[in-house]
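Asks: Sharing a model that was predicted from the sequence below.
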Amino acid sequence: METSIWRALFYLVGIMAFAGLNAAYLGWCERKGAARIQRRIGPCEAGFAGLLQPLADGLKLMSKQLLVPQGVDGIIFRVAPVLAMVPAITSMVVIPFSGNIEARAMELSVLLLFALASLGMMAILLGGWASGNKYAIISSARAVSQNLAYEIPMLVTVITIVMISGSMNLREIALNQMGGFWHWNIFRLENGHFLTMWISFIIFFICSVAETNRAPFDMAEAESELVAGFMTEYGSMGFGLFMMGEYLNIVVGACLTTTLFLGGWDCPFGKTPGVWWFLLKIYMLIFTFIWIRWTYPRTQIYRLLNLSWKILIPFSLANLLITAALIKVF
Amino acid sequence: MTVPISLRHDETFVLNLGPQHPATHGVLRVILTLDGEYVVKAEPVLGYVHRMHEKLAEGGTFAQFMPNTARMDYLHALAFNHGWALVVEKAAGIEVPERAEYIRVITVELNRIASHLLWWAAFLLDLGGFTPLLYAFDDREKIIDLLERVTGSRLTYCYMRFGGVYNDIDDEFIAGTRAFIKRLRSRMPRFYHDLVTHNIILIKRIKDIGFITPEQCRRYGATGPVARGSGISYDIRKNEPYSVYPEFDFEVPVFDECDSMARYMVRMHEMEQSLRIIEQALDKLPDGPVMGKAPKVLKPEAGYYYSAVETARGSLGYRLICDGGKNPYKLKLRSPTFSNLSLFGEVAEGMLLADALAFMGSLDLVIPEIDR
Amino acid sequence: MSGYWSDIFTGSKSLVTGLLITGREFFKPVVTEQYPYEVPTMTPLFRGHIELIGNEATGQPNCVVCGMCQRACPSTCISLDGKKAEGEGAKGKVLTSYVLDFTKCSLCGSCVESCNFNALRFSKEYNLASFDKNDFIMDLLKRLEDQNRCKQ
């Protein structure tokens, strides 16, 4: 059963569909959410409530000419957008959507997810460098230093979770939190972990916002300074793939946060766990991403790095020590 | 094989913050020499929007120049109208009735608030906060609707005439203005200060950025909020009073910190002071005609005349040379933003690119006014 | 170092306050006007392009072809022409053509202000858009005739 061809096909098609729909309709969600915060309507003409707008955008992007400027590195320029999408879709293989729905349960799935996230960062670096545009290179350099700085507190926080759950398998971590919201890692009422777990959650959330290059940490594509950052030279579908890759990264970040901290597919009162709870939680987290983006201005690059190196890393390291001590004591 | 970026021997490269750029408000080109992210040299290149307004003034009569004044700084067009009306009235010796003076002050101050609101929105847009733009435009729309009710235009007003104003204001305008004052006062603490001014990200972004010493202000002739944010307390409305400003009780906000935050706070407080002036003007509004006696064809005596007004960006000066004919002989405008922008080259050295752009935003530039 | 903890504390508080403000705005109604479905009405003093005022009884323009508007205009966008009035006892001139080049007009109001015969006023046209420049070289006499016809 594990290696049946039907299962593989089902998950292949399912994940591609999930990823495709999310990449397209998260754009719609963002525009509508932003519009409502700004007291206006947002897309409303294309289809009912603008639901065909992503289709219209996709058609427009596909019909444009994919301009490859002279003097760019041909192969890397064309590969970089694809490299932005692929790790995000691949990450969905190991995410447990529910007790029964998981493409492949791996023992080291947490490690796999972080490795794939770094591949995504490489895509930004390569895209900017291959463009041969000064704006793009400045933006790539900023993006790389930002992603590096924020991976560290992220990993340290995940280590605390792994220590508590005793395994790196995402499925095991989620199963460890079943039974009601007081078992969830964000609250963790046993063994005194509740004192520090919410700090872990906040640190992890901030890091995932920074990893996905979302405002207030979106220096890489700071529109008013660098025109479009590393995406300046990309036309039609290259730009489309970068944007879709960014949205998929947000989905994967939300899925990871849910599985690690919010109990995966568990119901808050422990009654009927299922995939709907998982989807509800990730969409609430994605709404928070959108909410944060449209409220705050952009930080400065050195303030961003200060935040990581001087505030998040000491807090996460202290958190790690306290958690280790609590595990040892209890 | 990529195109190599030519580095100089000291590893700097030249970046063109080109004429088309989302952050330069208008058509301004800045040639930046960057070392990594640090600005080594910044050189603004002007003249992309030069439309020869001053020469156009010589080709027509005095009254025919009035629409041009609004096109120069379209954000505070009524102040430019006011300045031109003042200088020609000084030249020709025309008296303006009281009611017209009060109406001029009310409309100019309303326009000042609209200009500051747009500055605030655009500044935050540069810094990456997209939502405050729409909250500010919600308020600005109310002001523009009020001014449209009186002048007929929404942005480029041609409302003042020599001897008064074109239309009278009615009770609906007065009621609408009072309602607007109440609305803006209630929205300020929440949407402007809680959401933005006290936001830690914004504070870290503009505090201690872009120091302009008072001595630099004097050297370059910077006026307006740029100078008042550096401790120089000079406002044409108080120091060289014109129109009926001496009748009103208002303060001129001056901050000593000399950074972008000081300039930001000066403009926020100026909005509140403008609301005070409008309230007092509405209370004291006299009855009477709105247009004084002015000859149809103006032929002022030959001579040199100068008049200055305080716009949202600084002190605007009109220098008019008449030769006794019905056209001006020569007109020169002293544009406040031109002097403010000339600080940019010196102050931006050594800053990071994003800080330099935040500093440029805090100078409140309107490029058509620089180029005229 | 002393600012470290106070920064974190006040900073987080300001961030949460900001989020609450935008969060509340999310649920409030829309303030924009949905243009093609809700059309705005112009205020009485709104300045659209100028139009001729016709006599209440006869429908003929009040214009006596004095040329003051043409002289007052800073952009030279008015060109008018008239011929001597015919018939017995008729004095003055009659308007034969009045063309406004709206591509140059700056809506300053000098023409309306300078007319002593109540012949010009601002219209309320605001949504002028066209692909052809010639649509903006307006024949105001024809416009007056069309308006008269519509009134009947």
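Replies: Looks like it arrived, so ask away. Because the structure is predicted, anything quoted here is derived from the model rather than measured. Numbers count the residues shown, from 1 in each chain, chains lettered A, B, ... in the order given.
Asks: near chain A, which residues of the stretch 101-250 of chain B show up?
Replies: Residues of the stretch 101-250 of chain B found near chain A (CB under 8 Å from any CB of the partner chain) are B:124-131, B:134-135, B:138, B:195-196, B:199, B:201-202, B:204-205. Glycine gets a C-beta too; all of them are placed from N, C-alpha and C.
Asks: low-scoring pLDDT stretches of chain A, where are they?
Replies: A:1-3, A:135, A:191, A:221-229 (pLDDT under 70).
Asks: how about the helices in it?
Replies: Across chain A, reading from the start of the chain, the helices by DSSP state H fall at A:5-37, A:53-63, A:74-91, A:109-131, A:134-165, A:170-175, A:194-211, A:223-226, A:236-261, A:275-293, A:301-306, A:313-329.
Asks: Could you single out the most deeply buried of those?
Replies: Of all these, helix A:236-261 carries the top mean neighbour count, a mean of 23, counting by mean count of other CB atoms under 10 Å in any protein chain shown.
Asks: That helix - contacts with which helices or strands?
Replies: Helices and strands touching helix A:236-261, as assessed by 3 or more CB pairs under 8 Å, 6 or more residues apart in numbering or on different chains; DSSP states H and E, comprise helix A:5-37, helix A:53-63, helix A:74-91, helix A:109-131, helix A:134-165, helix A:170-175, helix A:194-211, helix A:275-293.
Asks: Please see if the fourth one touches chain B.
Replies: Looking back up the chat, that one is helix A:109-131. Yes: contact check for helix A:109-131 against chain B, using CB under 8 Å from any CB: residues in range are A:129-130.
Asks: just how off-centre is that helix within its chain?
Replies: Centre-to-centre, helix A:109-131 and its host chain are 12 Å apart (CA atoms, centre = their mean, to the nearest Å).
Asks: can you check the last one too?
Replies: Centre-to-centre, helix A:275-293 and its host chain are 11 Å apart (CA atoms, centre = their mean).
Asks: Repeat that for the first one.
Replies: Relative to the centre of its chain, helix A:5-37 is centred 13 Å away, using CA atoms, centre = their mean.
Asks: and the angle from that helix to helix A:53-63?
Replies: 110 degrees (axes from the mean of the first three to the mean of the last three CA atoms, to 10 degrees).
Asks: which sections of chain B are below the confidence cut-off?
Replies: Within chain B, the stretches with pLDDT under 70 are B:1-9, B:22-24.
Asks: Which parts of it are strands?
Replies: Using DSSP state E, the strands assigned to chain B run over residues B:13-17, B:29-35, B:38-45, B:160-161, B:164-165, B:303-311, B:314-322, B:330-334.
Asks: And what about the spatially most central residue of chain C, helix, strand or coil?
Replies: Ranked by distance to the mean C-alpha position of chain C (CA atoms, centre = their mean), the top residue is C:Gly48 at 1.5 Å. Assigned by DSSP: H, G, I helix; E, B strand; the rest coil, the conformation of C:Gly48 is coil.
Asks: do the one 3 residues further on as well
Replies: Counting by three-state DSSP, the backbone at C:Glu51 sits in strand.
Asks: can you give me phi and psi for A:Asn178?
Replies: Asn isn't right for residue A:178; it's Met. Here is the backbone geometry of A:Met178 (degrees, to the nearest 10): phi -70, psi 150.
Asks: Looking at the strands of chain B, spot the one closest to chain C.
Replies: Put simply, out of the strands of chain B the one that sits nearest chain C is strand B:160-161, at 7.6 Å, with distance taken as CB to the nearest CB.
Asks: List the strands paired with the closest one, with their directions.
Replies: The pairing partners recorded for strand B:160-161 under DSSP bridges are strand B:164-165 (antiparallel).
Asks: which other residues reach the strand it pairs with?
Replies: Contacts of strand B:164-165 from elsewhere in the structure, counted by CB atoms under 8 Å, 6 or more residues apart in numbering or on different chains, are B:96-97, B:100, B:103-104, B:107, B:159, B:289-292.
Asks: tell me which of the residues you listed is nearest to chain A?
Replies: Nearest to chain A out of these is B:Thr107 (CB to the nearest CB; 27.2 Å).
Asks: Please look at the closest one and B:Arg149 and confirm they touch.
Replies: No: counting by CB atoms under 8 Å, B:Arg149 is not a contact partner of B:Thr107; they are 11.0 Å apart.
Asks: higher neighbour count, the two?
Replies: Neighbours were tallied for B:Thr107 and for B:Arg149 using other CB atoms under 10 Å in any protein chain shown; the higher tally belongs to B:Thr107 (27 against 19).
Asks: For that one, which non-adjacent residue is closest in space?
Replies: Taking CB to CB, 6 or more residues apart in numbering or on different chains as the measure, B:Thr107 lies nearest to B:Leu78, with 5.3 Å between them; neighbours along the chain are not counted.
Asks: I'd like to know how many residues surround the one you found.
Replies: By the other CB under 10 Å criterion, the neighbourhood of B:Leu78 contains 29 residues.
Asks: show me the contacts for it.
Replies: Contacts for B:Leu78 were tallied using CB under 8 Å, 6+ apart; they are B:70, B:104, B:107-108, B:111, B:147, B:157, B:159-160.
Asks: and if you look at B:Val30?
Replies: Contacts for B:Val30 (CB under 8 Å, 6+ apart) come out as B:16-17, B:24, B:42-45, B:344, B:360.
Asks: need the contacts of B:Leu78 in JSON lines with distance to B:Val266, can you?
Replies: Conversion of the contacts of B:Leu78 to JSON lines gives the following (distance: CB to CB, whole Å):
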{"residue": "B:Ala70", "distance to B:Val266": "25"}
{"residue": "B:Arg104", "distance to B:Val266": "24"}
{"residue": "B:Thr107", "distance to B:Val266": "22"}
{"residue": "B:Val108", "distance to B:Val266": "18"}
{"residue": "B:Asn111", "distance to B:Val266": "18"}
{"residue": "B:Leu147", "distance to B:Val266": "24"}
{"residue": "B:Tyr157", "distance to B:Val266": "25"}
{"residue": "B:Tyr159", "distance to B:Val266": "27"}
{"residue": "B:Met160", "distance to B:Val266": "27"}
